[in-house]
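Undergrad: give me a model of this one.
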Amino acid sequence: MIGRLAVCALLAAQVVPALAAKDEVEYLIPEDWDSKKDEAKPAGGLPLTSKELESGMKKRFKEVPQCSGVAFGKAQAMKNDEVIYQTLSLKGAQLEMFVEINSAGKVGNAKFLGSKGAKDDPELRLMMCSTYAVMRTLQPELESSEAALKSSSQAWTLSKQKPFEMVFYFNKIKTQYVPFEMNVY
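TA: Numbering: from 1, shown residues only. This is a model prediction of the structure:
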């Protein structure tokens with residue numbers, strides 16, 4: 001009996017300090033941690049300039065026969081050149097495109113707006129063509145033509161009831177029916 005108590009006492013003597021050691025937390029903080037607080041975060045958005053976005057979209061519209069007739073209006077700088085306004089048109093439908101330029105000179109956000117809404121077939125077609133063209137422009141090697149057609153169709157199908165946001169490689173695409181718009185950032 002005394003032997004058993006001695007064994008239990010020895011085990012308890014080893015277990016209790018081990019449990020106490022688990023409660024101790026050591027924080028390793030670099031010496032210059034507070035010097036990095038004031039650094040600016042890198043500018044987010046697309047890895048393209050507004051000219052690259054436009055030329056890429058023009059090229060990608062030609063890949064789909066239903067989209068090959070899309071025409072771009074004249075680009076107009078607004079808000080001290082921080083926003084580029086442009087129109088897209090196809091067979092009577094028209095979209096407004098607002099391209100916000102970030103501090104790095106790249107596209108921070110591209111917004112496509114339709115005034116008639118998704119019930120207008122030509123405007124819906126133009127919006128789907130724009131979604132396809134943006135996807136192919138952002139990832140021409142990784143996103144095949146077939147995959148981009150499927151992804152753009154899925155994005156608009158899922159946004160019928162409520163806004164839908166999807167991750168597209170290193171960016172996000174948000175689609176919604178009311179108001180009828182797409183944001184790429």
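Undergrad: just the strands in the protein please.
TA: Here the chain has its strands, by DSSP state E, at 71-72, 76-78, 83-90, 93-101, 107-114, 164-168, 171-176, 181-184.
Undergrad: looking at those strands, which is closest to Glu24?
TA: Taking CB to CB, strand 164-168 is the member of the strands of the chain nearest to Glu24, at 39.8 Å. In this view, the C-beta of every residue, glycine as well, is placed from N, C-alpha and C.
Undergrad: what residues does that closest one touch?
TA: Residues outside strand 164-168 that contact it (CB atoms under 8 Å, 6 or more residues apart in numbering) are Met135, Leu138, Gln139, Ser151, Ala155, Leu158, Lys172, Ile173, Lys174, Thr175, Gln176, Val184.
Undergrad: list the neighbouring strands of that strand plus their orientation.
TA: Strand pairing for strand 164-168, using DSSP bridges, gives strand 171-176 (antiparallel).
Undergrad: what does the strand it pairs with rub up against?
TA: With contacts defined as CB under 8 Å, 6+ apart, strand 171-176 is touched by 45-46, 131, 134-135, 138, 155-156, 158-159, 162-166, 181-185.
Undergrad: one more time with 7 Å
TA: Residues outside strand 171-176 that contact it (CB atoms under 7 Å, 6 or more residues apart in numbering): 46, 138, 155-156, 159, 163-166, 182-185.
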